[in-house]
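Q: Generate a structure from the sequence data that follows.
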Amino acid sequence: MPDHRSYQDPFYGWSTPKAISLCIQTLKECSAVPFEGIKKLISLSEAQVLNEQTSTSALEILMKITKKYSISVDQVMLIFNGFVHVLRLALKPPAAFLKPDIFKEDLRDIKFSEQIIEEFHNILFGTKRDQLYLAIQERDRPRLPLLQTFDWNLDVTLTTASLSRSIEPLLLFQFRTTNNRHLTFEVPIKKFNELRYNTALLLKEMEEVDGKQALKLLET
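A: You can find the predicted model right below:
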């Protein structure tokens, strides 16, 4: 646990996340692995945060590391997962809050080696610093579900012979969103035509407003 020599909390919070604790424990178990192999895992974790590696290509690299340095797949995954967690947690607060010296002290407090600390420092305060923050912001940005599929059908129901007219046609809409939610609703054809008319009218009014001379002067 950190001794909190400053008023700033550790970047990882008051308690060490489990993924990072397991990573540190596994690094001790794999102390015979040369730093070259650990450095490759740190570089791969940076690429993972930047989305520069597909899941398949990252897995291939991890498998090569296990064979080259004779460590188990579980151990490699635990170390890699911990490194990714370190980067993501360090990038979560605004950039102004992450100070190099305090960041290094936070990592020392949880017993990372000086070589690993220096590698993380070079990544987080290096040339790709802005790219890393943008990647994390994009990943954590709140999103509404997107439209995945859209189907429609015209439902015309005929009445019995005792009546001389058909029931008003209905438009049936079916949506499926990216969060796997299915939505279905019906709209009478008359209301749908009203919607089309009002949408066209609104677009026309927007074009007229856009063509106003005053707005063009404001743009310039």
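Q: Pick out the residue closest to the middle of the protein.
A: Among the residues of the chain, the one closest to the centroid is residue 139, at 2.2 Å (CA atoms, centre = their mean).
Q: how close does it sit to residue 88?
A: The spacing between residue 139 and residue 88, counted by CB to CB, to the nearest Å, is 8 Å. C-beta: built from backbone N, CA, C; applies to glycine.
Q: Check residue 135 too.
A: Counting by CB to CB, the gap between residue 135 and residue 88 amounts to 10 Å.
Q: what do those two both touch?
A: Taking CB atoms under 8 Å, 6 or more residues apart in numbering as the criterion, residue 135 and residue 88 both touch residue 49.
Q: Identify all contacting residues around the host helix or strand of residue 117.
A: According to DSSP states H and E, residue 117 maps onto helix 114-124. Residues outside helix 114-124 that contact it (CB under 8 Å, 6+ apart) are 27, 35, 38-39, 42, 46, 86-87, 90-91, 98, 100, 103-104, 107-108, 112, 132.
Q: switch the cut-off to 10 Å
A: 11, 23-24, 27, 35, 38-39, 41-43, 45-46, 49, 83, 86-87, 90-91, 95, 98, 100-101, 103-108, 112-113, 128-129, 132-133 (CB atoms under 10 Å, 6 or more residues apart in numbering).
Q: Can you point out the buried residues in it?
A: For helix 114-124, burial by neighbour count (16 or more other CB atoms under 10 Å) applies to 116-117, 119-120, 123-124.
Q: what do you get for stretch 73-85?
A: Residues of stretch 73-85 classed as buried: 75-85 (neighbour count, 16+ other CB under 10 Å).
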